[in-house]
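> need coordinates for the below:
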Amino acid sequence: MPKRGSRATAPPPSPLAFVEFASADPLATGRFLSAVFGWKVRPLPMGKEPYLGFDTPGGGRGDVRTAGPGESPSTTSYVRVEDLETARRQIEAAGGRIVLPTMELPGMGSFFWFQVPSGPVMACWQDATPP
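This next block holds a predicted model:
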């Protein structure tokens, strides 16, 4: 508890950056999202497996990737942060557990996955610094 007269430091706002779907059939998932919700779905050049990006009418963004071997279809929410290392320390201090270490997507940004105590797996995303 902060001392009387002092102010507690609130964490910086961290907006939801995007949502990632892991799918057994990304193309079928993309067709469904487009047909049912009117999302604009497009292929992205990310390896050999189908990988799709999408934009929603309300401004939301995300992607659909192929689920890995033994991985069930799932959703991962990515929270945009200013500094991944600071976010990692805060997550661990609050009882979260890192489940996928930091990975970089050159020219795009970096991310890691973490598990919320007694909850879902989420991710933190830091945009790449513009050249």
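> which residues in this structure form strands?
For the chain, applying DSSP state E gives strands covering 16-23, 40-43, 52-55, 61-66, 74-80, 97-105, 109-115, 121-127.
> got the ones you listed as JSON lines, with distance to residue 31 columns?
Where C-beta positions appear, they are placed from N, C-alpha and C, glycine not excepted. Formatted as JSON lines, the strands of the chain follow (distance: least, Cβ to Cβ, whole Å):
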{"stretch": "strand 16-23", "distance to residue 31": "11"}
{"stretch": "strand 40-43", "distance to residue 31": "8"}
{"stretch": "strand 52-55", "distance to residue 31": "10"}
{"stretch": "strand 61-66", "distance to residue 31": "10"}
{"stretch": "strand 74-80", "distance to residue 31": "18"}
{"stretch": "strand 97-105", "distance to residue 31": "25"}
{"stretch": "strand 109-115", "distance to residue 31": "27"}
{"stretch": "strand 121-127", "distance to residue 31": "25"}
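> okay if I get these as a markdown table plus mean pLDDT and distance to residue 86?
Formatted as a markdown table, the strands of the chain follow (pLDDT from 0 to 100; distance: least, Cβ to Cβ, whole Å):
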| stretch | mean pLDDT | distance to residue 86 |
| --- | --- | --- |
| strand 16-23 | 92 | 16 |
| strand 40-43 | 95 | 33 |
| strand 52-55 | 94 | 28 |
| strand 61-66 | 94 | 24 |
| strand 74-80 | 93 | 13 |
| strand 97-105 | 96 | 12 |
| strand 109-115 | 96 | 12 |
| strand 121-127 | 95 | 10 |
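> which one of those lies closest to residue 87?
strand 121-127 (4.6 Å; Cβ to Cβ).
> now that closest one, how far from the centre of its chain.
Computed by Cα atoms, centre = their mean, to the nearest Å, the chain-centroid distance of strand 121-127 equals 5 Å.
> can you list the domain ranges for this structure.
Listed domain ranges for the chain are 17-74, 81-131 (source: automatic domain parsing).
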